[in-house]
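Asker: turn this into a model:
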Amino acid sequence: MPNSTSHNKLVELRTQYGKDAEFVSKDGFSFNAFDDVWTLNALGRTGEKVVWEDRFNKKFNLEDQIVLRLAVAKYAKTRAASTVNSLTNWLHRTNLKNIELHELKTIVLEDNGEARKYVKTLVQVCYRFDSERFNQIYEWSRKLESSNYKPPIFDIEKGAFSDLENNAINVAMNQRFIALQSDGYEPASSKNSGISYVQRAQNFIAARLTLTLGRRPSNLIQLKWLDILPRSIPLESSDNTDFPNHSLDADEHFVDDDELHVRMFLAKHKNRFREAVETSPLILNHLLSREIIWYRQGYFSFFRKHLKSQNITLSRSEMDKVFSRCPVFFHSSLFDTHFLNKKILFEAITANGSGFHYDSTTLNANIRNMFESLLVCSERLPKDKFKIGNNRIRHTIGTNAARDNLHIAVIAKQLGNTVGAARIYIDMSDEVRAEIDRKFLGNETLLKAFSSEISVKLEGSEILIIDVSGEIAGKSKNVKTCLTCTRKKPIGCYGCSNFKALVTANHRLYLEEAMELYQIRLDMGQQEKTLVELKKQIRYIEVTIEVCDRFLSLEGTSHDK
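Answerer: Down below sits the predicted model:
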């Protein structure tokens, strides 16, 4: 039976194996295979770590412990810390007790959706470490079929958002930005001088980039301010160094009229931090650009104050240069660190260094908490079941792109994927597409959702939604959202979670207007795929009419408009 490996035994093994137990991680950090904790990079406050817990020592015999530690250490030389952590975490929680063929076969037979993937990875890691010993297991694993797992693109809990869900998320995000702007960066009283307000803005921007660009936290954590520039300033995808010829002063060169572009770094590659760049920069729309500029200005201001409090005086060009090297998504250690002088400051914050950057796990948790705080409701799921996650966002982007008949190469670029990975969205059969349309056009859940979005009467204090002729269509639940909305009223209001339709309003009038507008655009030569949004609005108005008719029929009221 395996016994827990004592501290003294680990010390003995370090001495026994000497330099053969010493490794350097992909990001250049030294560690010993027989240390209980391996620090693999500098992300977060103290770096991302692999922790070998006592339960690992108790499960495996000493021989297997040695093999696994040395094999995984070799694996860590070329793999990201998060990838290494995924494997070691699985080793800790799996029922696997030794690295023997019969044991691995048992684990695969009990496959819970992840075991097969980790078994194949583990065998490859061990085979690369000792090909002679693990040759039989390796040959077996090569014949082991991959799991028949397919991404749950249309699963209501894990797949793409419905149009109503997607719209509700975007409306809630817009409302949150208005609230953040209203709060500002200068609280009436705060022990930390308002830095928590900058961190709230940071989490919002991370969530917005995830929602808009579909990039993962492992992509976002690599960003520095030198990667986000006005489109008037060239941003070469192949160059991730400083931009000494351009002043990046927040107050002068970043204004609300700017549209920005961002250089994005790839994840899931063997490259080091900030080494693998996407082929071309991503264009940020005006709304997202304005939000990032607002966040940048607050961040810039507090960073300057932080240096001033330490009596570090920089020229304008020096300030621009050091701030351009700061992480877009900073760890709080940036504002906890006391830089003794200008020289130490520039050594600590470099163009490609990972210091003061978040680790992907923590940033992902912050993004998830940010989305949960929105309290978005779904027409298909109860509140406790509706989750906004990165995979669901990516499925939504890919599915909508496929519905719009975009080329597979364009979809791959939108998601930062290979063409092969993006094919799942293109390969939807005609039957599946027809089923999606059928469910949308006749969806009973739409009726259920809209049944709570009607109003029998209007109160004097409520904001009315009125058309150009003075007809009242309904009311707004949040005046701030309506004031910033650019959609045509009232047609554009239907389907918005902020709009409550009046039961007795002449909704058929707006249906006729929307359908006439749709036909006019077709007659003018527009393709149907470019009129998807208008088609949605037509459907939302139709559902509103049906819900109102049902309500009035139950009330015994005639409604024939």
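Asker: domains of this protein?
Answerer: Structural domains annotated on the chain: 7-143, 163-372, 448-554, as defined by automatic domain parsing.
Asker: all strands of the chain, in order?
Answerer: 22-24, 30-32, 37-39, 49-51, 228-230, 260-262, 282-283, 454-455, 463-466, 472-476, 499-502 (DSSP state E).
Asker: in CSV: those, plus distance to residue 485, mean neighbour count and mean pLDDT.
Answerer: In this view, the C-beta of every residue, glycine as well, is placed from N, C-alpha and C. As requested, the strands of the chain are exported to CSV (distance: least, Cβ to Cβ, whole Å; neighbours: other Cβ atoms under 10 Å; pLDDT from 0 to 100):
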stretch, distance to residue 485, mean neighbour count, mean pLDDT
strand 22-24, 54, 16, 95
strand 30-32, 53, 16, 95
strand 37-39, 49, 18, 94
strand 49-51, 46, 18, 93
strand 228-230, 26, 22, 91
strand 260-262, 23, 22, 92
strand 282-283, 23, 16, 92
strand 454-455, 19, 18, 77
strand 463-466, 11, 16, 77
strand 472-476, 9, 21, 83
strand 499-502, 10, 24, 85
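Asker: returning to what we had before: can I get the domains of the chain in JSON lines including distance to residue 385?
Answerer: Shown next, in JSON lines, are those (distance: least, Cβ to Cβ, whole Å):
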{"stretch": "domain 7-143", "distance to residue 385": "19"}
{"stretch": "domain 163-372", "distance to residue 385": "12"}
{"stretch": "domain 448-554", "distance to residue 385": "15"}
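Asker: so which of the ones you listed is nearest residue 381?
Answerer: Closest approach to residue 381 among the domains of the chain is made by domain 163-372 (8.6 Å; Cβ to Cβ).
Asker: now that closest one, how far from the chain's geometric center?
Answerer: Relative to the chain's own centre, domain 163-372 is displaced by 15 Å; criterion: Cα atoms, centre = their mean, to the nearest Å.
Asker: returning to what we had before: looking at the domains of the chain, spot the one closest to residue 405.
Answerer: Checking those against residue 405 by Cβ to Cβ gives domain 448-554 as the closest, at 5.5 Å.
Asker: so how far is the closest one from its chain's centroid?
Answerer: On Cα atoms, centre = their mean, the centre of domain 448-554 falls 31 Å from that of its chain.
Asker: check stretch 24-41 too.
Answerer: Going by Cα atoms, centre = their mean, where stretch 24-41 is centred and where its chain is centred differ by 28 Å.
Asker: hang on, residue 180 packs against residue 200?
Answerer: Yes - assessed by Cβ atoms under 8 Å, residue 180 is found in contact with residue 200 at 6.5 Å.
Asker: spatially central residue for the chain, please.
Answerer: For the chain, residue 210 is the residue whose C-alpha lies nearest the centre (Cα atoms, centre = their mean; 3.4 Å).
Asker: check contacts around that residue.
Answerer: With contacts taken as Cβ atoms under 8 Å, 6 or more residues apart in numbering, residue 210 has the following neighbours: 216, 217, 220, 367, 390, 393.
Asker: okay if I get the strands of the chain as JSON lines plus distance to residue 305?
Answerer: What follows is the strands of the chain, written out as JSON lines (distance: least, Cβ to Cβ, whole Å):
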{"stretch": "strand 22-24", "distance to residue 305": "38"}
{"stretch": "strand 30-32", "distance to residue 305": "36"}
{"stretch": "strand 37-39", "distance to residue 305": "31"}
{"stretch": "strand 49-51", "distance to residue 305": "32"}
{"stretch": "strand 228-230", "distance to residue 305": "22"}
{"stretch": "strand 260-262", "distance to residue 305": "24"}
{"stretch": "strand 282-283", "distance to residue 305": "31"}
{"stretch": "strand 454-455", "distance to residue 305": "48"}
{"stretch": "strand 463-466", "distance to residue 305": "39"}
{"stretch": "strand 472-476", "distance to residue 305": "39"}
{"stretch": "strand 499-502", "distance to residue 305": "42"}
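Asker: excluding sequence neighbours, find me the nearest residue to residue 53.
Answerer: Setting aside the residues directly before and after it, residue 53 is nearest to residue 92 in space (Cβ to Cβ, 6 or more residues apart in numbering), at 5.6 Å.
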